[in-house]
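**Student:** A structural model of the following input is requested.
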Amino acid sequence: MVVMKLRIDDRLIHGQVVTSWVAQTGAKRIVCVDDETAASPMMKKLNERLAPAGTTVNVYSVAEAIPLMKEYYADEKNKYLVLVRIPKAVMEMVDAGVPVTEVIVGGMGKRGTRTKLFRNITADEEEREIFRKLDGMGIKTYMHIIPSDKPIDVMTLI
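**Tutor:** A predicted model of the protein is given here:
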């Protein structure tokens, strides 16, 4: 069975991702899935430059990522880390048939109507509902800020 993990982190590539998560996953490729970032040449270039040496970065819109996630990224032999900026993008991929089995919730900073979920991680009601839907579909969703932390089931926090 394919185990496809995605990490939600609204900063996409940053220090924790570079120093901890790339090493934890053994990723040779970081795949950023976000419509806004994919539409901005400057943000694409910034994310490419933040990646550690020897790591390839691809930035896709959700629509561009869906067929790739179903084919190349569903192959367990490929070492990669998929970063998604918002829970809505995860739900769009799942609804399109991407075989997501786990969602790691990392950085979701305070903005708009988001309220505290865990430590400095926040979520609004729409995002909480997405987590409930994912759980109902049997997709494991958990908080895991850094690899050395113990994962916490998101449903225990909602």
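
**Student:** give the contact list for residue 98.
**Tutor:** By CB atoms under 8 Å, 6 or more residues apart in numbering, the contact set of residue 98 is 4, 65-66, 69-70, 74. Just so you know, the C-beta spots here come from the backbone N, C-alpha and C atoms, and that holds for glycine as well.

**Student:** just how off-centre is the helix or strand of the chain with the lowest mean pLDDT within its chain?
**Tutor:** One helix or strand of the chain scores below all others by mean pLDDT, DSSP states H and E: helix 15-16, with a mean of 77. Centre-to-centre, helix 15-16 and its host chain are 14 Å apart (CA atoms, centre = their mean, to the nearest Å).

**Student:** rewinding a little: okay if I get the contacts of residue 98 as CSV plus pLDDT, neighbour count and distance to residue 145?
**Tutor:** Shown next, in CSV, are these (pLDDT from 0 to 100; neighbours: other CB atoms under 10 Å; distance: CB to CB, whole Å):
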residue, pLDDT, neighbour count, distance to residue 145
4, 73, 21, 21
65, 95, 26, 24
66, 94, 18, 27
69, 85, 24, 24
70, 83, 15, 29
74, 63, 15, 26
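
**Student:** Give me the subset of these lying in helices.
**Tutor:** Counting by DSSP state H, the contacts of residue 98 place 65-66, 69-70 in helices.

**Student:** Format the contacts of residue 98 as a markdown table; extra columns: distance to residue 118.
**Tutor:** Shown next, in a markdown table, are the contacts of residue 98 (distance: CB to CB, whole Å):
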| residue | distance to residue 118 |
| --- | --- |
| 4 | 23 |
| 65 | 27 |
| 66 | 29 |
| 69 | 27 |
| 70 | 31 |
| 74 | 29 |
